[in-house]
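Novice: Kindly generate the corresponding structure for this input.
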Amino acid sequence: MPHHLALDEMRGLLQQGRLSAVELVEAHLDHIHRANPAINAFTELYAGEALAQARHPRPGSLSGIPVTVKDSFDYAGRVTWCGSLLRRAEEARRHSTAVQRLLDAGAIVIGRTAVPEFLYYYETDNRITGPVNHPLNPAFTPGGSSGGEAAAISACMSAGGVGSDGGGSIRVPAHFCGICGLKPTPGRVSAAGHWPEITHPTGFMGVAGPLARTARDLRILFETLQGYDVRDPFSAPVPLRQTPSAAAPVYFLDHLTVQPPCRAALTLAAKLLQDLGHPVELFPPAFFEGAHELWRVLFVDLITPSLRAFLNGRENECSWTGLELMRYAREHVDIARLAAVLARRDQMRAAFLEWLPPNAVLLAPAFGTNAYPHRQPPMDILEAVRPVSPANLLGLPALVLPLLLGDNGMPAGVQLIGAPYSEELLLDLAEQLETARGPQWQKPASSPSPSTSTTSPTA
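Specialist: Residues are numbered from 1 along each chain as shown. Predicted coordinates:
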């Protein structure tokens, strides 16, 4: 069952000639045929194209590896639905940079995965495909907005892939589904060709980034995707580098209200890191005081009027996931208010980075709760976002990896947050934590019963 292997293991077998790209793609497609009807992770499945590419795989660091891409990244000749019927005419003229870099590395894109409408909620459901179900229990949500991506990877229907994150949308589904996800520094991985466009004045909060089942696989995808791109206004020519991670100081955020599984994962991670020789201290919460509220102004209050104008009486064509966060909008954000929020954000970022010791990492909950039954969050959803929103507001890289199972049978992970452009340090620490945690996450998730089928991907 080669589709159950880690991406790095697949790559090794392909390079050794012990496995062919055709065999690997066929194994994934067979597994998708069996598992996806119950999970419903795909918007589109490119079976014929994938097999054709596998017969003559392009050389590169990911040659012959089947991957998936969130359906907010342009794929030339295909509609970028972004979960909305209102985008039925939006056919992409060229690949997004993320898709192009995967293809240039020899990866085989086997499909694009489902999202909530406009990427605007923490559960994945839309009027094109219907709800996406959790691979461990179809009654639960895999999160959002990269929920289809996380579910496909967790269920071994994809070796890894690409998502986007403006308010936890990579990290939350990774945490819910028991996989790894990296929100890079803005521009470190190009978001060109993503919809909605990640541009000024608030695009610094949104990024493109990889998801995978292991931290090692996450590193491989990050190294493939990273790099300067003139199409991304936040991109900078930052080379890959080695960052010393030995005895890196760790500050953990222990002041947030989270559900017991998230608290247990945080406590376990602090102990494991301390056992690994990292000094662990409490984070002074004053540095992030008000960060969540500023993020909320930019992500909810500012965006809601634009979405309402875009809908303009067409709400009946829209899924509940495209409308839910609009209920939380509070204030009108005029130019003066926007300027004040951005100025406060810059002051907060500077104060935090001046304080942050060299090579230090923050250890935080991955979200306020782990996965929950569809449309039944155990706490207010915008309160649950508090652990993840500061990294978006301040443009910090953040990585989520799984540690344990909660009492509800759902995974719970933790979040590592670093200074800008410290992705390599976060990846090093994630691999250390993964090793210290043990191999319990190496086994693939069981597929739910096909009797819970919702809809099948298009061929």
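Novice: Quick check: end-to-end length of stretch 238-255?
Specialist: Distances were taken as CA to CA, to the nearest Å; on that basis the terminal residues of stretch 238-255 are 34 Å apart.
Novice: Now that stretch: buried residues?
Specialist: By neighbour count, and taking 16 or more other CB atoms under 10 Å as the criterion, the buried residues in stretch 238-255 are 243, 245, 248-253. From N, CA and C alone the C-beta is placed, and that goes for glycine too.
Novice: So what's the gap between it and the chain middle?
Specialist: Taking the mean C-alpha point of stretch 238-255 and that of its whole chain, the gap between them comes to 20 Å (CA atoms, centre = their mean, to the nearest Å).
Novice: Filter the buried residues of stretch 238-255 down to just the ones in strands.
Specialist: For those, membership in strands holds for 250-252, with DSSP state E as the criterion.
Novice: Dump those residues to CSV, plus pLDDT and distance to residue 357.
Specialist: What follows is those, written out as CSV (pLDDT from 0 to 100; distance: CB to CB, whole Å):
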residue, pLDDT, distance to residue 357
250, 98, 10
251, 98, 9
252, 96, 14
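Novice: Could you point out which of the residues you listed is nearest to residue 294?
Specialist: Within these, the smallest distance to residue 294 is 20.8 Å, found for residue 251 (CB to CB).
Novice: Quick check: beta-bridge partners of that closest one?
Specialist: When bridges are taken as DSSP bridges, the partners of residue 251 come out as residue 281, residue 362.
Novice: Does it touch residue 281 like I think?
Specialist: Yes - under the contact definition of CB atoms under 8 Å, residue 251 touches residue 281, with a separation of 5.5 Å.
Novice: So for residue 447, what's the pLDDT?
Specialist: The score at residue 447 is 39. That number is its pLDDT.
Novice: Start at 93, not 1
Specialist: With 93 as the first residue, the last one maps to residue 539.
Novice: got a list of what residue 500 touches?
Specialist: For residue 500, the contacting residues are 353, 462-464, by CB atoms under 8 Å, 6 or more residues apart in numbering.
Novice: run the last query once more with 10 Å
Specialist: Residue 500 is in contact with 228-229, 232, 351-353, 461-465, 470, counting by CB atoms under 10 Å, 6 or more residues apart in numbering.
Novice: For this structure, give me the ranges with low pLDDT.
Specialist: For the chain, residues meeting the criterion pLDDT under 70 lie at 532-551.
Novice: most centrally placed residue in the chain?
Specialist: Centroid-nearest residue in the chain, with CA atoms, centre = their mean: residue 262, separated by 1.6 Å.
Novice: Which residues are in contact with that one?
Specialist: 162, 235, 237-238, 241-242, 254-256, 272-276, 299-303, 480, 490-492.
Novice: any idea how far the most far-flung residue of the chain relative to its centre is from residue 471?
Specialist: Distance to the chain centre peaks in the chain at residue 428, reaching 32.4 Å (criterion: CA atoms, centre = their mean). Spatial separation of residue 428 from residue 471 under the definition CB to CB, to the nearest Å is 33 Å.
Novice: Check residue 266 too.
Specialist: Using CB to CB, we find residue 266 at a distance of 19 Å from residue 471.
Novice: can you tell me which of the contacts of residue 262 are in helices?
Specialist: The members of these that map onto helices under DSSP state H are 241-242.
Novice: Which helix or which strand is home to residue 191?
Specialist: In the assignment (DSSP states H and E), residue 191 maps to helix 189-196.
Novice: and the nearest residue to residue 289 once chain neighbours are set aside, what does it touch?
Specialist: The spatially closest residue to residue 289, leaving aside those adjacent along the chain, is residue 295, at 7.3 Å (CB to CB, 6 or more residues apart in numbering). Applying CB under 10 Å, 6+ apart, one finds that residue 295 lies in contact with 258, 278-279, 283, 286, 288-289, 324-326.
Novice: Out of these, who's the most crowded?
Specialist: When neighbours are counted by other CB atoms under 10 Å, residue 283 leads these with 31 neighbours.
Novice: Return the backbone torsion pair for the nearest residue to residue 443 once chain neighbours are set aside.
Specialist: The shortest distance from residue 443 to any non-neighbouring residue, by CB to CB, 6+ apart, is to residue 379 (6.5 Å). Taking degrees, to the nearest 10, you get phi -70, psi -30 for the backbone angles of residue 379.
Novice: correct me, but residue 379 touches residue 482?
Specialist: Yes - between residue 379 and residue 482 there is a contact under CB atoms under 10 Å: 8.9 Å.
Novice: quick one: which of the two has more around it?
Specialist: Summary of the neighbour comparison: residue 379 and residue 482, criterion other CB under 10 Å, with residue 482 having more neighbours (24 against 19).
Novice: now that one: how far from residue 345?
Specialist: Relative to residue 345, residue 482 is positioned 9 Å away (criterion: CB to CB).
Novice: Now for the two: what residues contact both?
Specialist: Shared between the contact lists of residue 482 and residue 345 (criterion: CB under 10 Å, 6+ apart) are residues 380, 454, 456, 509.
Novice: out of those residues, which is most surrounded?
Specialist: Neighbour counts for the shared contacts of residue 482 and residue 345 (other CB under 10 Å) peak at residue 456, which has 29 neighbours.
Novice: ok so it is a strand residue?
Specialist: Yes - with the criterion set as DSSP: H, G, I helix; E, B strand; the rest coil, the secondary structure at residue 456 is a strand.
Novice: can you pull the contacts of it?
Specialist: With CB under 10 Å, 6+ apart as the criterion, the residues that contact residue 456 are 263, 343-346, 348, 350, 354, 358, 361, 375, 380, 478-480, 482-483, 490, 492, 506-509.
Novice: need the contact list for the residue nearest to residue 355 when sequence neighbours are not counted.
Specialist: With CB to CB, 6+ apart as the criterion, residue 355 has its nearest non-adjacent residue at 7.2 Å, and that residue is residue 457. Residue 457 makes contacts with 267, 344-346, 348-351, 353-355, 357-358, 361, 476, 478-480, 492, 504-507, as judged by CB under 10 Å, 6+ apart.
Novice: Take those and keep only those in helices.
Specialist: Secondary structure assignment by DSSP H places 267, 353-355, 357-358, 361, 476 of those in helices.
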